[in-house]
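>>> heads up, no residue letters with this:
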């Protein structure tokens, strides 16, 4: 592409494997683009692809991407749009060959390249091990004239940093520019989460079918997040803030190309559906690369009992006692037995469903038999001999394998990052010339606290947005507000202690709070909330997607000056002496 001064328009058409199928066509036809990216790889996806390749060595990539290209190849070629996607998964070379075959079949002349080298030696007991590569291999492919670049496991942001570095001629030490592109890439990576999808204040906008986002990247790394004209959803400071906080931790956001300082990010509204990202500072990347390892963790089974009407707690206890007896008699109690009672029932309910609670049994063991017939048989045998109204949401099954994702770190110098160019030549991509070991950022000064005033006990979500997500067994919960006075209150009120009080499930866990004043945001990392991670399905919400919404639903005393008082019942107000009650 060569060095350029004009902004580079990079769009996204996939936030996960299974995202909106027609997004590739829509992004190519709804407005101008230079590059179209697609993120297909989540931690769970790597397990799915590993099992796919185990069955057929020719697979291991996201086949949906190929089907999207049946129409997308021609459209991209007509419009001069480059396509960059990590859909190669565990077999980027195989996907590159498949794309070439498709191009020949549909008669579109395209130059295809791919990036590999992320595959690591697989330890015993694991299905796959992959390092997270940066964008330099993508940049090398584009500089060599590639029209389509497919990769294996790269960081999500690499899909943006690679094309931007190729377009503007950035070198590996252009840290601020690269960091700006990393932030833009992080905003784009989850597709419509940046344009109103999964948004705390969804009622403020029409988000029935949000358009996919794009970034106008400038030569200094600053960008404008927007979407094609006429598409649904919204892009504002709130939607971009929400996505910036998603699945992040502290102020230093480390990657293979650069460590971006999230505490330097400035967001400003730049017109309707346009948010400018500026001021991002970058530092040398760490000397290690994150690596993801996936394995089968064992076998699990699940039964959900429906408890209707009166005596719900007693009915639940009866089922537990009956299962304890069944396990004792069989001598085959699973290694892990977990019960959860969800009190979804209402008193004097007008429908049977709203009169019912759900009792969920989850069992795990290394032995398939221990979670199979021993569990399903015990559940079936209770059908005529347990609590009144006995039934389950689905027939008990024989159990299924579950996976585990483990994060590790490997020296970057030991990973061979390769760009396989359109002519087939293989180019080793040099690692960073300089590295910097990660260290925590000093806690920033908090704003002055609001004066003590009259409060009302209301849900936190009346004034604060939140978004939560998963990273292995940990969860993060980002919380932000939209005004300076609300920030003065939030920064002092929502301490780790208050967070644990509002979310009792986090009480025994390690919770770390990170303060991001320029975003008016707090980011909480909850260590160990998700057990062995999403694939293990150890929790009702295994990816922590709704932990933020749970937090927003919790009540605490909020200053009335921060609330819309037009509909407040003044009899419920608390005077200042009750604020800390």
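Received the coordinates, thanks. Every value quoted in this text rests on a predicted model; they were computed, and no experiment measured them.
>>> just give me the neighbour total for the residue found closest to residue 232 once you drop the neighbours it is linked to in the chain.
Nearest residue to residue 232, sequence neighbours excluded (CB to CB, 6 or more residues apart in numbering): residue 209, at 4.4 Å. Yep, even glycine has a C-beta here, placed from its N, CA and C like the rest. Residue 209: 12 surrounding residues under other CB atoms under 10 Å.
>>> pretty sure residue 209 is touching residue 233, no?
Yes: assessed by CB atoms under 8 Å, residue 209 is found in contact with residue 233 at 7.5 Å.
>>> for the residue nearest to residue 232, phi and psi?
Torsion angles at residue 209 (phi, psi; degrees, to the nearest 10) stand at phi -140, psi 80.
>>> any idea how far it is from residue 14?
Distance of residue 209 to residue 14, computed by CB to CB, to the nearest Å: 16 Å.
>>> buried ones in stretch 143-151?
143-144, 146-151 (16 or more other CB atoms under 10 Å).
>>> so which pair among those is furthest apart in space?
Across the buried residues of stretch 143-151, the longest distance by CB to CB is 16.4 Å; it joins 143 and 150.
>>> need the buried residues of stretch 143-151 in JSON lines (columns: distance to residue 177, pLDDT and secondary structure).
Listed next are these as JSON lines, based on distance: CB to CB, whole Å; pLDDT from 0 to 100; DSSP: H, G, I helix; E, B strand; the rest coil:
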{"residue": "143", "distance to residue 177": "16", "pLDDT": "98", "secondary structure": "helix"}
{"residue": "144", "distance to residue 177": "21", "pLDDT": "98", "secondary structure": "coil"}
{"residue": "146", "distance to residue 177": "22", "pLDDT": "98", "secondary structure": "coil"}
{"residue": "147", "distance to residue 177": "24", "pLDDT": "98", "secondary structure": "coil"}
{"residue": "148", "distance to residue 177": "25", "pLDDT": "98", "secondary structure": "strand"}
{"residue": "149", "distance to residue 177": "20", "pLDDT": "98", "secondary structure": "strand"}
{"residue": "150", "distance to residue 177": "25", "pLDDT": "98", "secondary structure": "strand"}
{"residue": "151", "distance to residue 177": "21", "pLDDT": "98", "secondary structure": "strand"}
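>>> can you pull the contacts of residue 86?
By CB atoms under 8 Å, 6 or more residues apart in numbering, residue 86 lies in contact with 38-41, 150-154, 156, 158-159.
>>> okay, these in TSV with distance to residue 520 next?
Listed next are these as TSV, based on distance: CB to CB, whole Å:
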residue	distance to residue 520
38	32
39	27
40	33
41	31
150	39
151	35
152	37
153	34
154	31
156	24
158	29
159	28
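>>> show me which of those are buried.
38-41, 150-154, 156, 158-159.
>>> remind me, longest strand of the protein?
strand 288-308 (DSSP state E).
>>> strands paired with that strand, and their directions?
The strands beside strand 288-308 in its sheet (DSSP bridges) come out as strand 128-131 (antiparallel), strand 356-365 (antiparallel), strand 391-392 (antiparallel), strand 400-411 (antiparallel).
>>> moving C-terminal from it, which element do we reach first?
With elements assigned by DSSP states H and E, the helix or strand that comes after strand 288-308 is helix 312-330.
>>> just the helices in the stretch 51-200 of the chain please.
Along the stretch 51-200 of the chain, counting by DSSP state H, counting those that start in this stretch, helices occupy 63-79, 92-106, 136-143, 158-168, 175-188.
>>> for the closest residue to residue 283 other than its chain neighbours, give its distance to residue 286.
Take residue 283 and drop its neighbours on the chain: the residue closest to it by CB to CB, 6+ apart is residue 259, 4.4 Å away. Between residue 259 and residue 286 the distance is 7 Å, computed by CB to CB.
>>> who's more crowded, the two?
residue 259 (24 against 20).
>>> OK, contacts around that one?
179, 252-253, 282-286, 436, 438.
>>> what sits opposite it in the beta ladder?
Beta-bridge partners of residue 259, counted by DSSP bridges, are residue 254, residue 283.
>>> mind checking how far whichever strand or helix holds residue 377 is from the chain centre?
Using DSSP H and E, the element containing residue 377 is helix 373-381. Distance, stretch centre to chain centre, for helix 373-381: 36 Å (CA atoms, centre = their mean, to the nearest Å).
>>> mind listing residues that contact that helix?
In contact with helix 373-381 (CB under 8 Å, 6+ apart) are residues 301, 303, 322-323, 326-327, 330, 332, 334, 361, 363, 392, 396-399.
>>> what pLDDT, on average, does that helix get?
The average pLDDT within helix 373-381 is 92.
>>> also stretch 516-526?
Averaged across stretch 516-526, pLDDT comes to 98.
>>> and that stretch, how far out from the chain's middle?
17 Å.
>>> which of the strands paired with strand 288-308 sits most buried?
The highest average neighbour count among the strands paired with strand 288-308, using mean count of other CB atoms under 10 Å, belongs to strand 128-131 at a mean of 24.
>>> just to revisit the earlier point, including distance to residue 455, could the helices of the stretch 51-200 of the chain go into TSV?
What follows is the helices of the stretch 51-200 of the chain, written out as TSV (distance: least, CB to CB, whole Å):
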stretch	distance to residue 455
helix 63-79	50
helix 92-106	56
helix 136-143	52
helix 158-168	43
helix 175-188	35
